[in-house]
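[1] coordinates only, sequence not included:
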C-alpha cells in the first residue's frame, strides 16, 4: 500500500510543480490531471477506456497556459496554494 501512497505523493508534488512553473496562484484539478497523465498506470487506464491521452494533454496544456483563466503570481519565488478541492 505504501507504494501507491508514494506514487500519489509524486503525482501531487508534480501538480504543485506544474502550477509553480506556470506561476499560478493555486494548484487546481487541471494541474493534478496533467500530472496524472505522466503516470504509467493512469496512461494504461486511459488506453483501456479508449481515451486519447495526447489530445487530453494538449487541451489541458492549452487551458493551463491561458493566463486569462488563472490567477498568476509574477513573483517566481511564490509557492502555489492547494485549492479546497485538492
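    Received it, and whenever you're ready, just let me know what you need. These numbers come from a predicted model, not from an experiment. Numbers count the residues shown, from 1 in each chain.
[2] report pLDDT for the residue positioned nearest the centre of the chain.
    Centroid-nearest residue in the chain, with CA atoms, centre = their mean: residue 31, separated by 2.3 Å. Here the pLDDT value assigned to residue 31 is 96.
[3] excluding its backbone neighbours, what's nearest it?
    Nearest residue to residue 31, sequence neighbours excluded (CB to CB, 6 or more residues apart in numbering): residue 15, at 4.1 Å. The way it works is simple: take the backbone N, C-alpha and C, and place the C-beta from them, glycine included.
[4] returning to that earlier point: which strand or helix spans the residue nearest to the centre of the chain?
    Using DSSP states H and E, residue 31 maps to helix 29-36.
[5] ranges for the helices of this structure?
    2-21, 29-36, 40-48, 53-65 (DSSP state H).
[6] list of residues touching the first one?
    When contacts are defined by CB atoms under 8 Å, 6 or more residues apart in numbering, helix 2-21 is touched by residues 26-28, 31-32, 34-36, 38-39, 41, 64, 78-80, 82, 86.
[7] next: the second one.
    In this structure, residues lying in contact with helix 29-36 by CB under 8 Å, 6+ apart are 11-12, 14-16, 18-19, 24, 42, 56-57, 60-61, 63-64, 83, 85-86.
[8] what's the neighbour count on residue 53?
    16 (other CB atoms under 10 Å).
[9] list the contacts of it.
    Neighbouring residues of residue 53 by CB under 8 Å, 6+ apart: 37, 43, 46-47.
[10] that one and residue 67: what is the separation?
    Relative to residue 67, residue 53 is positioned 25 Å away (CB to CB, to the nearest Å).
[11] phi first, then psi, for the residue nearest to residue 65 when sequence neighbours are not counted.
    With CB to CB, 6+ apart as the criterion, residue 65 has its nearest non-adjacent residue at 7.0 Å, and that residue is residue 22. With angles defined as degrees, to the nearest 10, residue 22 sits at phi -90, psi 0.
[12] below-threshold pLDDT in the chain: ranges please.
    Within the chain, the stretches with pLDDT under 70 are 1, 86.
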